[in-house]
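Engineer: need the 3D shape of this:
(2 chains)
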Number of protein chains: 2
Amino acid sequence: MSNSLFDTHEETLNHAIDAIRTRGYWSAYPEVPSGRVYGEKAREDGLAAFQGRLNRPFEIDQPGEIGMVGEEQSPYGMKLGITYPKPDLDLLLPVVTAALPAWRHASVEQRLGVCLEILHRLNQRSFEMAFAVMHTTGQGFMMAFQAGGPHAQDRGLEAVAYAAEAMRSCPSTARWEKRVGKEETVTLDKRYRIVPRGVGAVIGCSTFPTWNSYPALFADLATGNAVVVKPHPGAILPLALTVEIARDVLRSEGFDPNLVTLAPDTADAPMTKSLATNPAIRIIDYTGGSDFGTWIEKNATQAVVFTEKAGVNSIVLDSVDDLRAVTGNIAFSLSLYSGQMCTTSQNIFIPRDGITAGGERVSFDEAAGAIVKALDWLLGDSARGAEILGAIQNEATVARIEQAKADGGTVLRPSTPVANTTFPDARVHSPLVLRVDAADERLYMREMFGPIVYVVATDDTTQSIDLATRIAREQGAITASLYATDPAVIEAAEEATAEAGVPLSCNLTGSIWVNQSAAFSDYHVSGGNPAGNATLCDLAFVANRFRVVQSRIPVGQPAAV
Amino acid sequence: MSNSLFDTHEETLNHAIDAIRTRGYWSAYPEVPSGRVYGEKAREDGLAAFQGRLNRPFEIDQPGEIGMVGEEQSPYGMKLGITYPKPDLDLLLPVVTAALPAWRHASVEQRLGVCLEILHRLNQRSFEMAFAVMHTTGQGFMMAFQAGGPHAQDRGLEAVAYAAEAMRSCPSTARWEKRVGKEETVTLDKRYRIVPRGVGAVIGCSTFPTWNSYPALFADLATGNAVVVKPHPGAILPLALTVEIARDVLRSEGFDPNLVTLAPDTADAPMTKSLATNPAIRIIDYTGGSDFGTWIEKNATQAVVFTEKAGVNSIVLDSVDDLRAVTGNIAFSLSLYSGQMCTTSQNIFIPRDGITAGGERVSFDEAAGAIVKALDWLLGDSARGAEILGAIQNEATVARIEQAKADGGTVLRPSTPVANTTFPDARVHSPLVLRVDAADERLYMREMFGPIVYVVATDDTTQSIDLATRIAREQGAITASLYATDPAVIEAAEEATAEAGVPLSCNLTGSIWVNQSAAFSDYHVSGGNPAGNATLCDLAFVANRFRVVQSRIPVGQPAAV
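Structural biologist: Take a look at the predicted model:
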């Protein structure tokens, strides 16, 4: 088999490797859903392809099928009506395992080439993927395109780059020559083989099915493992498309397509626990709720486990130059995808006696009011509001808004349904903003996933930082945001958040938001607090997915390597 | 604080980094216990220092002491009579945790410098360490010097080199500049902090207390963690000396010596389970028996766990050029330290109808007999025999020899006590060699630690390889050895052992033995079968001991980094 795919994409890989080393801005896949980039008919074709999937079985010729499942419902209203082959793991896993040796024997370059080609084809299908992501997750179209398409592909490429770095850190051969006596030298030829751990399970989530799964999928595949993709029952299509493309590339390169398989289930008959604890599963990547993630960490001890769970993210408001620029930025970040990003802030800590803004004193109520005002302005235009908010993925999230209101706190801004003229049945609810006191820990010191925001009155910024980092240490946090004009405050926050394992964004205004995490530069989830045990991506994310097994033989022996 | 220690040792580190990349022979610390290398009085001084430790308390000024413990008994006869401070973990761990921030704030170079200086001072104390290792483990003097001193130091340095590589894989700052519109660019300054996981526990074994612990100790320390060293109750002194030296270096560099502490216990009141599951312990490195190692893997889920357990190692005898050279090599490897190395072979698979040797047919009985003859010759000279065999560390190992004999198999060579003229009370027993059939799985398909050897009659070499790799997959294996003249047989064995995660040594004769594992070149334990989940050393061994936590701020903001 040739390395032609590797040759085709080598420059992309080299750029990616350079990017993870230097961590400046770089992207391989254009994020603008433009006809000039993707072809004038790309959007139209993508939409047609998506629509062509609806209301029929999604065929995958993988073994062990025991019926079709599928109950996806677009948060924008319609049922997708797609069914997918459900596998019997006892039939599927032996076939997957049997596919491993040939994949392991492929050269590193062959495997990298296959991964890069899959990413390339995924990129070409970005519009189709965008509609699939939009109508499973509820993301607005623009976010579904970017986060579900190019940004997810960038994250996948980043994992491939780390996998290349980790695999190349060991030479494939060495000559070992040791003087063991005055007249005697021992000379051994050594060979180092990359041996994958085996079959990996990638457990996807309902909100970012591709973005959160691609790093794992490509890290596993690049390092020689097979991948069983277990999508969330509410967001199967984006991963089914991914699996289909991966299988096509594998097949056309002469490999067994069963190296990548789909294992969909239903909410009523979940299979994740039995998959995660199956002895054949040697690697698990999980994205989703904290409780189940912790269950996997504690119970799937036969596997190497990587988790990206949830957390409680904070904004600490201390002092600003331009309050309007700050609250505008905060309002957008709170509204984007209705607070359903794992990077969205939930708690905004503001000193009880207010902050300084442009050198002037601004009371707590004025500061909180400015955030509410910015939300009202942003969402006041319902077309803009609907695109930013997207739709609520899960009905339980809507119920949680009601629950938050009932649990307590002063309503500073009610959550209201927002009309979506294109999709009248879309499940759209604007952010609820509650005012609570620092003492009301039972209210804000818990994860309340969705468009629910607590503005917390604290004694001072020191208490704000203490609370934000305590939550991170105890419950996990994926982002922290600080607005402060005093370098000493910034320094204190950087130190405290670093210790709590939360990346800190300072003084973001304009077109950059705390919820954004850029491939090749931003580490997503630190792995250093309960929000997850791993990061996207670093060497630790890839280096333990394979082992190096060596052989050694005296030089000149018949099978000298 | 200066980087003068780093400057002093930087060349050594750079050599080590080059060595792990190229994996040819290299060593930083001379393995020859020669006065010309270590000073004419080094042996005498080392012996005096060791003797000066006996029959008195070993003082360590660490907090939380709740009495003195110590019941070490030299396998060569005498009681050491040393007691060590036993800590109350509830008192010790908070103090250790409090020492972390300053260590985390030190530069990478400062931490590397401290590690390199500790290794340098350990090297200078190699003779003292040799006697400490000899009289706790039972190793012969030469092995105790080499494996307990320079080779262990090399393994520690190797871990420091990997830690340097992993930490340097991320820049400390980056500028991220993204065009977000026709007229707008977002420019962020990013800072990446290395944040250690916290407090690591290093659980040592009784046979190689330094060699198996140094990689973990130095990997933890270099990446900013603290280390609680938990020695085996039978081999405390080598690690107490190590802790003392580490604390001296830390103190003299202005760091809190409690970054490295000792937690000795007794066989009657073990503390390993409570240490391993203590929430403050974030990293565990374990070397020892498989049952307890597996318990830690399953129960210490609050920590990142690295294990080096035990396995059942095999030799497959197919065909040789020179039977005498081969059996001489095998006999030495079986005798060295009385088979108490985790790399020693237990099972020798020989086809029932014999092998070819120098082109001639040699029967099974002749081949097995040649191994016995080589053992008899090697151990026939009792001075040589005593030095090679060392002494049996644990009385239970002596009982196991009896048990093996009682369990079954034909005795080809009885185990006999061997006189040690220097230490008449030494516990010395030569290898027991039993002949069994491939069908007698209950006898040889289990770990029988110590000088116990099964010669297994198989249908053919294919069955030999199958059995050797099945044992590896099911029970773990750390080494495999093959003697074959046919390249096709070598290729088949390489493939099968790679898949089973066992490093293979082919056709070793002369001054190189299957039990040897050389730092910077040989990976010790693959991490790919039940003999352990990690290897010494690779990137996976270090990269997850720390996290990178970032901060980002628009360029030009007050505290731009």
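Engineer: hey, which helix or strand in chain A has the poorest pLDDT?
Structural biologist: Using mean pLDDT, DSSP states H and E, the weakest-scoring helix or strand in chain A turns out to be helix A:382-389, at a mean of 93.
Engineer: after it, next one along is what?
Structural biologist: For helix A:382-389, the following helix or strand on the C-terminal side (DSSP states H and E) is helix A:395-407.
Engineer: need the contact partners of that following helix.
Structural biologist: Residues from elsewhere that reach helix A:395-407 (C-beta atoms under 8 Å, 6 or more residues apart in numbering or on different chains): A:338, A:340, A:392, A:411, A:414-415, A:427, A:429, A:432, A:434, A:443, A:448-452. To be clear about C-beta, it is placed using only N, CA and C from the backbone, and glycine gets the same treatment.
Engineer: buried stuff in that helix?
Structural biologist: Within helix A:395-407, the residues scored as buried using 16 or more other C-beta atoms under 10 Å in any protein chain shown are A:Thr397, A:Val398, A:Arg400, A:Ile401, A:Ala404.
Engineer: give the contact list for A:Leu275.
Structural biologist: A:Leu275 makes contact with A:Leu89, A:Ala201, A:Ile203, A:Val228, A:Lys230, A:Ala263, A:Ile281, according to C-beta under 8 Å, 6+ apart.
Engineer: now, of the residues you listed, which are buried?
Structural biologist: Using 16+ other C-beta under 10 Å as the burial test, these include A:Leu89, A:Ala201, A:Ile203, A:Val228, A:Lys230, A:Ala263, A:Ile281 as buried.
Engineer: which of these fall within helices?
Structural biologist: Here DSSP state H is the test, and those give A:Leu89 as lying in helices.
Engineer: and the buried ones among the contacts of A:Leu275, which is closest to A:Asp365?
Structural biologist: Nearest to A:Asp365 among the buried ones among the contacts of A:Leu275: A:Ile203, at 44.0 Å, using C-beta to C-beta.
Engineer: need the contact list for the closest one.
Structural biologist: A:Ile203 makes contact with A:Lys230, A:Thr272, A:Leu275, A:Ala276, A:Ile284, A:Asp285, A:Tyr286, A:Thr287, A:Gly288, A:Ile296, according to C-beta under 8 Å, 6+ apart.
Engineer: and if we set it to 7 Å?
Structural biologist: Going by C-beta atoms under 7 Å, 6 or more residues apart in numbering or on different chains, A:Ile203 touches A:Lys230, A:Thr272, A:Ile284, A:Asp285, A:Tyr286, A:Thr287, A:Gly288.
Engineer: and of the residues you listed, the nearest to B:Arg470?
Structural biologist: Proximity of the contacts of A:Ile203 to B:Arg470 (C-beta to C-beta) peaks at A:Ile284, which lies at 25.7 Å.
Engineer: show me what from the stretch 101-250 of chain A comes close to chain B.
Structural biologist: A:166, A:169, A:171, A:174-178, A:180-181, A:184, A:186, A:188, A:190, A:193, A:195 (C-beta under 7 Å from any C-beta of the partner chain).
Engineer: pLDDT below threshold where in the stretch 451-561 of chain A?
Structural biologist: A:557-561 (pLDDT under 70).
Engineer: cutoff 80 now
Structural biologist: When residues are selected by pLDDT under 80, those of the stretch 451-561 of chain A lie in A:556-561.
Engineer: could you do the stretch 251-400 of chain A as well?
Structural biologist: By pLDDT under 80, the stretch 251-400 of chain A contains no weakly predicted segment.
Engineer: and it, which of its residues are near chain B?
Structural biologist: Counting by C-beta under 7 Å from any C-beta, the stretch 251-400 of chain A sits next to chain B at A:Glu297, A:Lys298, A:Thr301.
Engineer: who wins for most neighbours among the residues you listed?
Structural biologist: A:Glu297 (20 neighbours; other C-beta atoms under 10 Å in any protein chain shown).
Engineer: from memory that one sits against B:Ala300, does it?
Structural biologist: No. At 11.5 Å, A:Glu297 does not count as touching B:Ala300 under the criterion of C-beta atoms under 7 Å.
Engineer: quick check: A:Phe541 touching A:Tyr162?
Structural biologist: Yes. Look at A:Phe541 against A:Tyr162 with C-beta under 7 Å: they come within range, at 6.3 Å.
Engineer: now do the contacts for A:Ala19.
Structural biologist: Contacts of A:Ala19 by C-beta under 7 Å, 6+ apart are A:Trp26, A:Phe520.
Engineer: likewise for A:Ser333?
Structural biologist: A:Thr344, A:Ser345, A:Trp513, A:Val514, A:Asn515.
Engineer: shouldn't A:Val525 be in contact with A:Thr479?
Structural biologist: No. Using C-beta under 7 Å, A:Val525 makes no contact with A:Thr479, being 9.5 Å away.
Engineer: about what we covered before: the more surrounded of A:Phe541 and A:Tyr162?
Structural biologist: More neighbours surround A:Tyr162 than the other of A:Phe541 and A:Tyr162, with 28 against 25 (other C-beta under 10 Å).
Engineer: hmm, back to that, can you name the two of the contacts of A:Leu275 that are farthest apart?
Structural biologist: Distance extremes for the contacts of A:Leu275: the farthest pair is A:Leu89 and A:Ile203 at 13.6 Å, using C-beta to C-beta.
Engineer: re the thing from before, out of the residues of the stretch 101-250 of chain A next to chain B, which are inside strands?
Structural biologist: Of these, the ones assigned to strands by DSSP state E are A:Ala174, A:Arg175, A:Trp176, A:Glu177, A:Lys178, A:Val186, A:Leu188, A:Lys190, A:Arg193, A:Val195.
Engineer: tally of neighbours for the fifth one?
Structural biologist: The criterion is other C-beta under 10 Å. On that basis, A:Lys178 has 19 neighbouring residues.
Engineer: can I assume it is in contact with B:Gly24?
Structural biologist: No. Taking contacts as C-beta under 7 Å, A:Lys178 lies outside contact range of B:Gly24: 9.3 Å.
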